[in-house]
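> build me a structure from this.
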Amino acid sequence: MAADPEANPESVARAIVLRQLTNSPKSRLQLARKLAERNVPEDVAEAVLDRFEEVRLIDDADFAEMWVRSRSQSRKLARGALRRELADKGIDTETAEQALAQVSDEDELSAARDLVARRLRSGTDLSDRTERDKQTRRLASMLARKGYQPSAAFRIVGEVLDEALAGEPESYRTGPESHSIGSRGGPDPDDFG
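Sure, this is the predicted structure:
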């Protein structure tokens, strides 16, 4: 009769790592944390993780590239947010920067513009300065939560709102404050400290 694999810490560690990798790709640090949670001795955990790296079942560079690709496309996160997420997962700075290189400035700008255009509430009277300012703050805050720099967020929101206003019927632009909607429109980013 075979010995119980649960009695062998190395077998337990291998089973935990395989189960974790079956669910989704993980970084080495994520797996090390999981093994620590399950009280696997540190020296056993290191040996098992080293072996999984040798056979390329754990590869932080591949993980980082996949993570950046997935999160930048599905969640439209900016490089700053992606960089923080990778750091939280134990990806070193150099590996993270190599993975982040696959997201260009144009990709980031396009994603931000797409987010703003999708989240802009239809029927919003953008010629009303108060309503436009409210939309600008709401949309710029959404971009900031996704890791975009405040200056870029306000600029992108202003451009999308200007384009939306230009595409609206003339009656929407004849309000008393329509003359004050400059090329950027909206509040000054410095107003939000």
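> okay, now the unreliable bits of this protein?
Within the chain, the stretches with pLDDT under 70 are 1-7, 168-193.
> quick one: contacts for Ile58?
Val17, Leu21, Lys26, Ser27, Arg28, Leu31, Leu49, Phe52 (Cβ atoms under 8 Å, 6 or more residues apart in numbering). C-beta: built from backbone N, CA, C; applies to glycine.
> which stretch of helix or strand covers Thr22?
Assigned by DSSP states H and E, Thr22 belongs to helix 9-23.
> C-alpha coordinates for the next helix-or-strand element following that helix, CSV please?
Of the helices and strands lying after helix 9-23 in sequence (DSSP H and E), the nearest is helix 28-37. Only the C-alpha atoms of helix 28-37 are listed here, as CSV (Å, rounded to 0.1, in the frame of the first residue of the first chain):
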residue,chain,number,x,y,z
ARG,A,28,6.3,32.8,-7.8
LEU,A,29,5.5,35.1,-4.9
GLN,A,30,1.8,34.3,-5.0
LEU,A,31,2.6,30.6,-4.9
ALA,A,32,5.1,31.1,-2.0
ARG,A,33,2.4,33.0,-0.1
LYS,A,34,-0.1,30.2,-0.7
LEU,A,35,2.4,27.6,0.5
ALA,A,36,3.1,29.7,3.6
GLU,A,37,-0.6,29.9,4.4
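> for the following helix or strand past helix 28-37, packing partners?
Remark: after helix 28-37, the chain's next helix or strand is helix 42-54, criterion DSSP H and E. Packing contacts for helix 42-54, counted by 3 or more Cβ pairs under 8 Å, 6 or more residues apart in numbering; DSSP states H and E, involve helix 9-23, helix 28-37.
> tell me, how many residues neighbour the closest residue to Arg132 other than its chain neighbours?
Residue nearest to Arg132 in three dimensions, not counting chain neighbours: Leu126, with 5.0 Å by Cβ to Cβ, 6 or more residues apart in numbering. Residues within reach of Leu126, counting by other Cβ atoms under 10 Å, total 24.
> ditto for Ala166
Burial measure for Ala166: 9 neighbouring residues, criterion other Cβ under 10 Å.
> can you tell me the element it falls in?
Counting by DSSP H and E, Ala166 is part of helix 150-167.
> so how far is that helix from its chain's centroid?
21 Å (Cα atoms, centre = their mean, to the nearest Å).
> ok, and what's touching stretch 106-123?
72, 76, 78-79, 135, 139, 142-143, 146, 148, 152-153, 156-157, 159-161, 164.
> picking that back up, who's in contact with the helix holding Thr22?
For helix 9-23, the external contacting residues (Cβ under 8 Å, 6+ apart) are 5-6, 26, 30-31, 34-35, 38, 40-41, 44-45, 47-49, 52, 57-58.
> select only the buried ones of those residues in PyMOL?
Applying 16 or more other Cβ atoms under 10 Å to the contacts of helix 9-23, the buried members can be selected in PyMOL as follows:
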select buried, resi 26+30+31+34+35+40+44+45+48+49+52+58
